[in-house]
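# any chance you could fold what I've pasted below:
(one chain, ligands or ions: 2)
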Amino acid sequence: MREPARLLKRQSAPRMTELLSIARQFAGSSAAVLPLGNGLINETYQVLTAAEPFVLQRINAHVFPEPEAVLANLAEIARHLDRKAPEDVELKIPRPLESEAGLFHVRDGRDRLWRALDYIPDTVSLESVGDPGEAREAGFALGHFHRLLGDLDPARLKDTLPGFHIAPAYLARYREVLANADSRLIDADCAAFIDRHQAIADNLESAKRQGLLPLRIIHGDPKLNNFLFGKGRQKVVGVVDLDTVKPGLLHYDIGDCLRSCCHRPENDAFDLGIGEAILGSYLGEAGRFFTGPDYDYLFPAIRLIPFELGIRFYTDHLEGNRYFKVEDPGQNLHRALGQFRLCASVIDQERAIRALIASLRGKTA
Ligand code: GN1
Ligand code: MG
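Ligands and ions are numbered 1, 2, ... in the order given. Here you go, the predicted structure:
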């Protein structure tokens, strides 16, 4: 898949007065606008008002070709959750807020789309898992999210990012970019790793083609810092960053959650103990509707998503860092190498990971 160029870093940040005036179109008044989070794609702020604070975000239209579809999906999810008994919904999922004009967005002077969302107060987002308790919470949250949306027809949601998580398409795009790349940017280790493991790229898509894994509603980006923990870090209270919620394979989400939570940054190893905690609590929720093929494809998913993200980072490096925000020109290469090491660690532990899945399957069945 082609990752569209992000022009964000080449544009000057909108001036505070402009931000305040956009914020006022949602809230009537706004006292301050503060940067929020560290996403690589959108521009995100917290707006303080006389009443409740809210989140103000500019949707990166270079990444999301139809920002209105992102907002329509959010509204569809909010309506779906409203139909449930409140005690059945154990997570806060931000809803889009209407502007004074009665729309879910405001356009700025440059025709860029801004939206406002509920702010979930008194929470922290973690950059690494500290203990198995936090991992169990993340696994529960992802499983609960999948369960909450499991009875919403995926066809009701638009595909906000065609090609997202289609690994063979990222691989094909990598080959195209490589053919025209500046040879000084090519990294022999990345190139060799991709060539050696290219056969795994089609694992999930071929299961989809064979009808083994159905389209369901996915989060799309369930990395650790998109789960908001209460201040004491005991419980996940909310799930954020819903732009990539769309029809897809649950396995993209499971692989992505494990790649993010089980990644030991000091040596890029896959932490199996954390993986066990996440999968155990994930299946406590999702095990209710999991099928045989769903279990069969857990290991391929855990192996694939770091491989895929490594290809995405490395391709962006070869293209001059147009998609993922970087602080220095080598950062996407560094990120790619980290993902490939993580993937290698998953491959090294294949027997143990498969044994863990078999034992969890036995307990859930
Ligand atoms: C991007 O912007 P952020 O950090 O929420 C990317 C994810 C990657 C992640 C890696 C739409 O998400 O797929 O896993 O970076 N999102 C998109 O940090 O491409
Ligand atoms: Mg994201």
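
# so who does Phe313 touch?
Phe313 makes contact with Phe324, Asn332, Leu333, Arg335, Ala336, Gln339 under the criterion CB atoms under 8 Å, 6 or more residues apart in numbering. No exception for glycine: its C-beta is placed from N, CA and C like everyone else's.

# could you dump the residues you listed to a markdown table with pLDDT, distance to Asp189 and neighbour count?
Below are those laid out as a markdown table (pLDDT from 0 to 100; distance: CB to CB, whole Å; neighbours: other CB atoms under 10 Å):
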| residue | pLDDT | distance to Asp189 | neighbour count |
| --- | --- | --- | --- |
| Phe324 | 93 | 19 | 17 |
| Asn332 | 98 | 14 | 25 |
| Leu333 | 98 | 10 | 21 |
| Arg335 | 98 | 13 | 20 |
| Ala336 | 98 | 9 | 25 |
| Gln339 | 98 | 12 | 24 |
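
# SS state for the spatially most central residue of the chain?
What sits nearest the mean C-alpha location of the chain, by CA atoms, centre = their mean, is Asp221, with 0.9 Å. Of the three states, Asp221 takes coil under DSSP: H, G, I helix; E, B strand; the rest coil.

# that one and ligand 2, how far apart?
Going from Asp221 to ligand 2 by CB to the ion, to the nearest Å gives 4 Å.

# now that residue. Nearest residue, chain neighbours left out?
Spatial nearest neighbour of Asp221, excluding adjacent residues (CB to CB, 6 or more residues apart in numbering): Thr244 at 5.0 Å.

# am I right that the one you found sits in a helix?
No. Under three-state DSSP, Thr244 falls outside any helix and is assigned coil.

# isn't the residue nearest to the centre of the chain up against Val240?
No. In this structure Asp221 lies outside contact range of Val240 using CB atoms under 8 Å: 9.6 Å.

# okay, the residue nearest to the centre of the chain and Glu285: tell me how far apart.
For Asp221, the distance to Glu285 equals 19 Å [CB to CB, to the nearest Å].

# what do you get for Ala72?
Distance from Ala72 to Glu285, by CB to CB: 26 Å.

# which one's more surrounded, these two?
The neighbour comparison of Ala72 against Glu285 (other CB atoms under 10 Å) goes to Glu285, with 21 against 17.

# now render the contacts of Phe313 as a markdown table, adding distance to Ala27 and secondary structure.
Shown next, in a markdown table, are those (distance: CB to CB, whole Å; DSSP: H, G, I helix; E, B strand; the rest coil):
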| residue | distance to Ala27 | secondary structure |
| --- | --- | --- |
| Phe324 | 31 | coil |
| Asn332 | 37 | helix |
| Leu333 | 42 | helix |
| Arg335 | 36 | helix |
| Ala336 | 41 | helix |
| Gln339 | 40 | helix |
